[in-house]
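*Asks:* Prediction below, plus the sequence it came from.
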Amino acid sequence: MSLVILSNDAKEQTDIVSSVQSIYKPWSFRNSLSSTLEIPANSQLALTSAKISLDGQISMDAGEKILYVYLGKWLTPDQDLEYSNSYPIKVKLFEDEPGVVRTDTEGLAAELQKALNRSVCHPHYAKRCAVSVKRNNTTGEFEGYKIEMKQIDTSDQIIPSAPGSVNMIAQSTDAQFVNFRNIPLNRTYTVTTSGANDVILTPQQFRNHIQGTTFNMTASTPPASLVKGEIVFDLQKCIGNVPAGGDLNVNFICGLSRFTEEHQRLNARYIGASYFQWNDSSETTANANWLRVFGDFMVVNTEGELRLFDTSTNGDAARVGVAGANRRKPRWREIDYTQGGTAAAPFNAIYDTTANASRLQTCKFTLDGERVKIEMLDGAVPPVAYTLYEYSQTRRDGVTPRLADEIMKPIDQGCEAMMPVMGIYNDGVGDSGNAATDYAIALSEYNSVNITDIPNVAYTTELPVYEADPDRTIIPWFNLVAQTNPADRFHSIILDLENRFDRREVLFGDTTIQDQFEKCWKPVIITSSSSLYSHTQGANTMRLLGFSDINGVATGDTIWSDDGETNDQFVYSLISTEVPVALSSKSIFVRVDNFNQTSTNAANGNKSGIIAHLPRFDGQQQTGRLFFEPKNLIYLDLNNPAPMKINSFDISFVYSDESYCTSLVGSSIVTLHIRKKGETD
């Protein structure tokens, strides 16, 4: 008679060894003997006990796969999404498997990471989510999931650089009329690089339409960085008296815009968001045909005057016009920088670009989280910067509150992925003595989001391209929503975001980027429908992920931990606040693989090496460390008519189909009893 004790981890430490070396995995391991063991002829084998650590099999019904992720201002109980510039994004687990899905904790962690990286669109978060299984450091037992939301806090200098400039040119797109794009001769302008690698837009003829371009997002030209990203336009050849004595004043626009071709798809005349209201603007000058270009933040020279516009629904003036739904549609809205600006002269009055007394020749946009700062620079060495617009609660006097028309809209979720846009309208200057090619506007600096740390990932604005390879493609949230339901002409989700009036207060609250986004764009995981973070219907993964005790909404400093900055990434970490419920729905059997005993597995119709079943009883612990000790030992013949010499034992834990029980973790222990047939002790 002999008692044999077997384990994949003799010290019963953690699952580290068993996870790395195949012969020591908790579900399949080998114990080698230092000296040969002789088993008498006609012996029998029985299982006397087993100890395992079980993660459990997870069975998910077809509808139990929904959660939401929100990136923005953490809301207090007295607030709602009206105070935010963000919108919850729906995340579907096992989206490619519509029926019941069975997996384990490791499989669920991998799927959650995959689903988050498919769904999160924010330029500084996209494709940087990580999910892992949290285990006890001593026992290796399952304790929940760790979700890491990583923000990149560096930007990439695309221009000036020859390869970057060439790539941007290749991705430039006509900014207005569809037929100009389709018929090259109608474009009448060129987009080229200079010796300094600036991207230059140059008219070739005098025409009475806007001659403009914008840029599409690709792997080579990601959207503008929102961490102090700078976008600079050289205006020397389209603003008056620069250089001294020159007279090149011409109507132009320069700025930033989300990329859209929706109106082209709808066979309309103009290219822009389908819900954009072209005809009803807060400023009559914006009704001019040459200004019909879609953009989010724009500096405009019109008839010798420098003006500032965004596309918004805020402010009474922006909401005049036709009744009904059109009153909620964004349109060109002029921002009064003379009262709302943060500097004195030269912007205490509408600036005269014909005289150009301050010799302005460059326009610089600086993006800082949810805010835009706009400066005009002169030609001095070094240049002097004059602030055209910067966020402030009060007017220039520091006392009078700003009016709605003096507050530029924030960079909300709808326009978080922006590219440069620029254009020239040279009608009426053909008799100035200058040639059409004398006028030009140049993109001289562009800081984009840095995605060089993510291999083989590219941006796209086309939904079919994203759907063909969502794991290696990033699509901006605006383009995803706009194309997912094109029949929704006004894109109700986007309009809901752009019509939030309370969010203006957010701009003067706690959203300034300090310490790598510490004050804005914070993550929230929503696993149960929330009234605070609304539009989260159907979220039902609260128990699955271990957030029942917080009602399924993981938000706030007490839930998320700040893991600091690592490799230019700022990391927020979230760990399940309770151990998720993961039930084992399969029976487990013990198999000895290198002996001669046989049993019949009728479930698959074959002979088997299974020696025992590990039974489960009502009231027994479902997962974690489990101990089994059968009351009645079942002995199987080893079929050895002669003594048998053994130098190892190969043990496996399997399901009824003989596949490995890979949901085991940590240490597994098996004790076997070997006796000569006929013995009773």
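*Replies:* Happy to help now that I have it. Here the structure is a predicted model, which is why all the values come from computation and not from measurement.
*Asks:* residue ranges with poor pLDDT in the stretch 251-400 of the chain?
*Replies:* 263-271, 278-292, 313-328, 340-343 (pLDDT under 70).
*Asks:* Nearest residue to the middle of this protein?
*Replies:* residue 120 (2.6 Å; Cα atoms, centre = their mean).
*Asks:* wait, that one sits on residue 71?
*Replies:* Yes. Using Cβ atoms under 8 Å, residue 120 is in contact with residue 71, at 7.3 Å. C-beta here means a position set from N, CA and C on the backbone, and glycine is covered the same way.
*Asks:* what is in contact with those two at once?
*Replies:* 89, 149 (Cβ atoms under 8 Å, 6 or more residues apart in numbering).
*Asks:* now the helices for the protein?
*Replies:* 16-20, 105-119, 162-170, 178-182, 184-187, 262-265, 337-340, 463-468, 477-484, 492-498, 542-545 (DSSP state H).
*Asks:* can you tell which of these is closest to residue 611?
*Replies:* helix 16-20 (21.2 Å; Cβ to Cβ).
*Asks:* where's stretch 329-338 relative to the chain centroid, distance-wise?
*Replies:* Relative to its chain's centre, stretch 329-338 lies at 30 Å (Cα atoms, centre = their mean, to the nearest Å).
*Asks:* now do stretch 143-157
*Replies:* 10 Å.
*Asks:* Would you quantify the distance from residue 464 to residue 294?
*Replies:* From residue 464 across to residue 294, the span is 22 Å (Cβ to Cβ, to the nearest Å).
*Asks:* what does the average pLDDT come to for stretch 466-474?
*Replies:* Computed over stretch 466-474, the mean pLDDT rounds to 94.
*Asks:* for stretch 189-199, same thing?
*Replies:* 84.
*Asks:* Now find how far off-centre it is within its chain.
*Replies:* The answer for stretch 189-199 is 33 Å, by Cα atoms, centre = their mean.
*Asks:* buried sites along that stretch?
*Replies:* 189, 191, 193, 197-199 (16 or more other Cβ atoms under 10 Å).
*Asks:* Which two among those are spaced furthest apart?
*Replies:* The widest separation within the buried residues of stretch 189-199 (Cβ to Cβ) is 19.1 Å, between 189 and 197.
*Asks:* what bits of the stretch 551-681 of the chain have low per-residue confidence?
*Replies:* In the stretch 551-681 of the chain, residues with pLDDT under 70: 564-568, 582-585, 616-623, 681.
*Asks:* can we see that at 50?
*Replies:* In the predicted model, the stretch 551-681 of the chain carries pLDDT under 50 at residues 618-619.
*Asks:* can you map out the strands along it?
*Replies:* 553-554, 560-566, 569-575, 588-592, 599-601, 606-608, 610-614, 624-628, 636-637, 644-654, 664-676 (DSSP state E, counting those that start in this stretch).
*Asks:* Just name the most buried of those.
*Replies:* strand 553-554 (a mean of 24; mean count of other Cβ atoms under 10 Å).
*Asks:* Can you tell me which helices and strands that one packs against?
*Replies:* When contacts are defined as 3 or more Cβ pairs under 8 Å, 6 or more residues apart in numbering; DSSP states H and E, strand 553-554 packs onto strand 522-526.
*Asks:* In the stretch 201-350 of the chain, what residue spans correspond to strands?
*Replies:* Going by DSSP E, counting those that start in this stretch, the stretch 201-350 of the chain shows strands at 211-215, 227-234, 251-257, 297-302, 305-312, 331-334.
*Asks:* And these: which comes nearest residue 458?
*Replies:* It is, among the strands of the stretch 201-350 of the chain and with distance given as Cβ to Cβ, strand 211-215, at 14.3 Å.
*Asks:* Tell me the strands beside that closest one, with direction?
*Replies:* Strand 211-215 has the following sheet partners, assigned by DSSP bridges: strand 172-174 (antiparallel), strand 419-425 (antiparallel).
*Asks:* That one to strand 251-257, inter-axis angle?
*Replies:* Going by axes from the mean of the first three to the mean of the last three Cα atoms, to 10 degrees, strand 211-215 is angled at 10 degrees with respect to strand 251-257.
*Asks:* Contact partners for the residue nearest to the centre of the chain?
*Replies:* Counted by Cβ under 8 Å, 6+ apart, residue 120 has contacts 69, 71, 89, 126-127, 129, 149.
*Asks:* and those residues, which are buried?
*Replies:* 69, 71, 89, 126-127, 129, 149.
*Asks:* about what we covered before: can you say which of the strands paired with strand 211-215 is nearest to residue 357?
*Replies:* strand 419-425 (22.7 Å).
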